[in-house]
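# Sequence plus the predicted model coming up.
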Amino acid sequence: MSDLSTAPEITPGHNLLAGKIAVVTAAAGTGIGSATARRLLSEGADVVVSDWHERRLKETEEALKAEFPDRRVASVPCDVSSTEQVNALIVGAVAAFGRIDVMVNNAGLGGEVPVVDMTDEQWDKVIDITLNGTFRATRAALAYFREAGHGGVIVNNASVLGWRAQHGQAHYAAAKAGVMALTRCSAVEAAEFGVRINAVAPSIARHAFLDKVTSADLLDRLAAGEAFGRAAEPWEVAATIAMLASDYTTYLTGEVVSISSQRA
């Protein structure tokens, strides 16, 4: 019998995205973004990675090129709090590879502070990166898809905190609930452009950066509360993102897929 408390080996790619060009925001480092870039490459896509941290972005680009020598990888720095930089990301991606087929909006910012102690600045920063950044990138991608006329896919990274309550996470939860609503509403509008928009809502995906900024006790407690008794591996989230980006989900739009062993 399979032991669900132990993370499985990474599932190999099946060319689900052969011939596609994908853009992934917040793709540098060790988290879901870089895992998604790697997964899309393993599924046959060429990928433009983006992040605000230029050194880590360049390191990620070089690592992916070495790992996938038969695929094309490019990088475009972008801070999603800037409309100008988000628009430049779309322009840069098209300049690099000629078109875009998939946009993965992964950028987000968390933090842990109770509402009673939360400053306007803490609230505004999390909302601006996590929700407004997803809006800016969705708007820019839709403008491109509308003019290009070949359709496309947008996948947003939400969170189960858009549904669940967790101490100290009101700003992040509000932002992710907003991403869910943005996904649903923009999907209705995007249909006329031949574009599907869906979101994933991971519970907890554990990686080196998360361990660095969050207490191990809290992460252990959250992971233990999942039905499998463990956190997801970033690649497990990335695999679902790849599925949503692929032609296996051609009739799916405006949906939020919970990547969790429990939803509420």
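Looks like it came in fine. Residues are numbered from 1 along each chain as shown.
# lowest-confidence helix or strand of the chain?
Of all the helices and strands that make up the chain, helix 208-213 has the lowest average by mean pLDDT, DSSP states H and E, namely a mean of 51.
# For stretch 15-22, what is the distance to the chain centroid?
17 Å (Cα atoms, centre = their mean, to the nearest Å).
# let's number from 338 now, not from 1
Fine by me, first position is 338 from now on; the one you just mentioned is stretch 352-359.
# can you count the residues close to Glu526?
Residues within reach of Glu526, counting by other Cβ atoms under 10 Å, total 12. Every residue, glycine included, has its C-beta placed from N, CA and C.
# moving C-terminal of the helix or strand where it lies, what's the next helix or strand?
Using DSSP states H and E, Glu526 sits in helix 507-527. Counting by DSSP H and E, the next helix or strand C-terminal to helix 507-527 is strand 532-539.
# so that next one versus helix 507-527, what angle?
If you take axes from the mean of the first three to the mean of the last three Cα atoms, to 10 degrees, strand 532-539 sits at 160 degrees to helix 507-527.
# which outside residues touch strand 532-539?
For strand 532-539, the external contacting residues (Cβ atoms under 8 Å, 6 or more residues apart in numbering) are 369, 475, 479, 482, 488-497, 499-500, 513, 516-517, 520, 523-524, 527, 569, 574, 577-578, 581, 586-587, 589-597.
# again, but for stretch 573-589
344, 348, 353-354, 357, 359, 369, 372-373, 375-377, 380, 382, 439, 441, 490, 492, 494, 533, 535, 537, 539, 542, 594, 596.
# Strands - which of these land there?
Using DSSP state E, the subset of those located in strands is 359, 439, 441, 490, 492, 494, 533, 535, 537, 539, 594, 596.
# quick one on the thing from earlier: filter the contacts of stretch 573-589 to the buried ones?
Among the contacts of stretch 573-589, those scoring as buried are 353-354, 357, 359, 369, 372-373, 375-377, 380, 382, 439, 441, 490, 492, 494, 533, 535, 537, 539, 542, 594, 596 (criterion: 16 or more other Cβ atoms under 10 Å).
# if we can go back for a sec, and the helix holding Glu526, what other elements does it pack with?
helix 457-464, helix 470-485, strand 489-494, strand 532-539, strand 593-596 (3 or more Cβ pairs under 8 Å, 6 or more residues apart in numbering; DSSP states H and E).
# would you put the C-alpha positions of it in PDB?
Output of helix 507-527 as PDB, limited to C-alpha atoms (Å, rounded to 0.1, in the frame of the first residue of the first chain):
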ATOM      1  CA  ALA A 507      -5.500  38.400   7.600                       C
ATOM      2  CA  HIS A 508      -3.700  40.500   5.000                       C
ATOM      3  CA  TYR A 509      -2.400  37.500   3.100                       C
ATOM      4  CA  ALA A 510      -5.700  35.600   3.300                       C
ATOM      5  CA  ALA A 511      -7.600  38.700   2.100                       C
ATOM      6  CA  ALA A 512      -5.200  39.100  -0.800                       C
ATOM      7  CA  LYS A 513      -5.500  35.400  -1.800                       C
ATOM      8  CA  ALA A 514      -9.300  35.500  -1.500                       C
ATOM      9  CA  GLY A 515      -9.000  38.500  -3.900                       C
ATOM     10  CA  VAL A 516      -6.900  36.400  -6.300                       C
ATOM     11  CA  MET A 517      -9.700  33.800  -6.300                       C
ATOM     12  CA  ALA A 518     -12.300  36.400  -7.100                       C
ATOM     13  CA  LEU A 519     -10.100  38.000  -9.800                       C
ATOM     14  CA  THR A 520      -9.600  34.600 -11.300                       C
ATOM     15  CA  ARG A 521     -13.400  33.900 -11.600                       C
ATOM     16  CA  CYS A 522     -14.300  37.300 -12.900                       C
ATOM     17  CA  SER A 523     -11.500  37.700 -15.400                       C
ATOM     18  CA  ALA A 524     -12.100  34.200 -16.700                       C
ATOM     19  CA  VAL A 525     -15.600  35.300 -17.800                       C
ATOM     20  CA  GLU A 526     -14.200  38.300 -19.600                       C
ATOM     21  CA  ALA A 527     -11.300  36.400 -21.100                       C
END
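# Average pLDDT for it, rounded please.
The average pLDDT within helix 507-527 is 98.
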